[in-house]
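Engineer: here's my sequence, what's the structure:
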Amino acid sequence: MFQARRRRVLVGVAMGAALSLLGSGCGSSRAAKVEESWLARVPEERLGDVRAAEAERRKAQDEVTRADVALNDAERALQVARRNADASELRKEANQAALEAAQATGQRADIERAKAELMNSETGVTAAQAQVNWRQQSIESLQARKQLRENELEVAEAKLNQAEYLALKENGDVRADEMSEADFASAIASAQRKVEEARRRVDSQTREEQQARAQWERLRTQAQGYGGSGTPVEE
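Structural biologist: Numbering: from 1, shown residues only. A predicted model of the protein is given here:
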């Protein structure tokens, strides 16, 4: 009697463990990827979709590289803008000292001239700081754009994996039977959701960058109108 009850308990534990493992397996998606070597036995004429997907992946990778280069250029431009801002601050300090010296002489003409120079340099500082802000916003915009390109690359890779799986399956490879077509479709859908999220962030960051640039251009024009040295004209 005791042994029968013990057997029932052990069977129940085993079944519970099996169900737990099964549930765990269902909750996690298997890696939706085909080994490259598996395609070696697929005739080339059956790899048309694979080759097209490979081309799309290369194109997406090129876009990631371009985005990275643009980001590096923007970071260098930010460093230049910061140096311009530092130079503007030094001009302002020099003009402030010149005004104090003119006031010490009591000469009206010298004082008025020094005041005008100081006003010009103050306007230049404001414009230079606005340029730094625009460059910073530009970097954030480009970072968002690079993330978008990386997400697009993820989509291209997921589609390539799916194309390879279908080629393997159509060629009668039994290893394809161990994979789930739904896993490949799920990977594509997940990557596409990331693309949409990244695209919304790019749109938001681009608007902020455009506003920052408009502000800098307005202040730059104002500084030039006052005759101040302000900040060098940069695009």
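Engineer: what about the longest helix in the protein?
Structural biologist: Longest helix in the chain, counting residues (DSSP state H): helix 108-170.
Engineer: work out the gap between that one and the centre of the chain.
Structural biologist: Remark: helix 108-170 is offset 10 Å from the chain centroid, using Cα atoms, centre = their mean, to the nearest Å.
Engineer: what's it packed up against?
Structural biologist: Counting contacts by 3 or more Cβ pairs under 8 Å, 6 or more residues apart in numbering; DSSP states H and E, helix 108-170 packs against helix 48-105, helix 181-225. Every C-beta, even on glycine, is put in place using the N, C-alpha and C of the backbone.
Engineer: show me where the chain dips below the pLDDT cut-off.
Structural biologist: Applying pLDDT under 70 to the predicted model, the residue ranges of the chain that meet it are 1-32, 226-235.
Engineer: again, 90 this time
Structural biologist: 1-41, 45, 106, 168-178, 180, 221-235 (pLDDT under 90).
Engineer: export stretch 41-57 as CSV, just CAs?
Structural biologist: These are the backbone C-alpha positions of stretch 41-57, laid out as CSV (Å, rounded to 0.1, in the frame of the first residue of the first chain):
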residue,chain,number,x,y,z
ARG,A,41,23.3,21.3,-51.1
VAL,A,42,20.6,23.6,-52.3
PRO,A,43,20.9,24.2,-56.1
GLU,A,44,21.8,27.8,-56.9
GLU,A,45,18.7,28.2,-59.1
ARG,A,46,16.6,27.7,-55.9
LEU,A,47,18.4,30.4,-54.0
GLY,A,48,17.0,33.4,-55.9
ASP,A,49,15.1,34.7,-52.8
VAL,A,50,18.1,34.1,-50.6
ARG,A,51,20.4,36.1,-52.9
ALA,A,52,17.8,38.9,-53.0
ALA,A,53,17.6,38.9,-49.2
GLU,A,54,21.4,38.9,-49.0
ALA,A,55,21.5,42.0,-51.3
GLU,A,56,19.0,43.8,-49.0
ARG,A,57,21.0,42.9,-46.0
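Engineer: buried residues in that stretch?
Structural biologist: Buried residues in stretch 41-57, defined by neighbour count with 16 or more other Cβ atoms under 10 Å: Val42, Leu47, Asp49, Val50, Ala53, Glu56, Arg57.
Engineer: just put these in JSON lines and tack on distance to Asn72.
Structural biologist: Rendered in JSON lines, the data for the buried residues of stretch 41-57 read as follows (distance: Cβ to Cβ, whole Å):
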{"residue": "Val42", "distance to Asn72": "40"}
{"residue": "Leu47", "distance to Asn72": "36"}
{"residue": "Asp49", "distance to Asn72": "35"}
{"residue": "Val50", "distance to Asn72": "33"}
{"residue": "Ala53", "distance to Asn72": "29"}
{"residue": "Glu56", "distance to Asn72": "25"}
{"residue": "Arg57", "distance to Asn72": "23"}
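Engineer: Ala87: neighbouring residues, count only.
Structural biologist: By the criterion of other Cβ atoms under 10 Å, Ala87 has 16 neighbours.
Engineer: and it, what does it touch?
Structural biologist: Taking Cβ atoms under 8 Å, 6 or more residues apart in numbering as the contact definition, Ala87 lies against Ala128.
Engineer: for it, give its distance to Ala81.
Structural biologist: Relative to Ala81, Ala87 is positioned 11 Å away (Cβ to Cβ, to the nearest Å).
Engineer: and the two most separated of the buried residues of stretch 41-57?
Structural biologist: Greatest spatial distance in those: Val42 and Glu56, 18.9 Å, computed using Cβ to Cβ.
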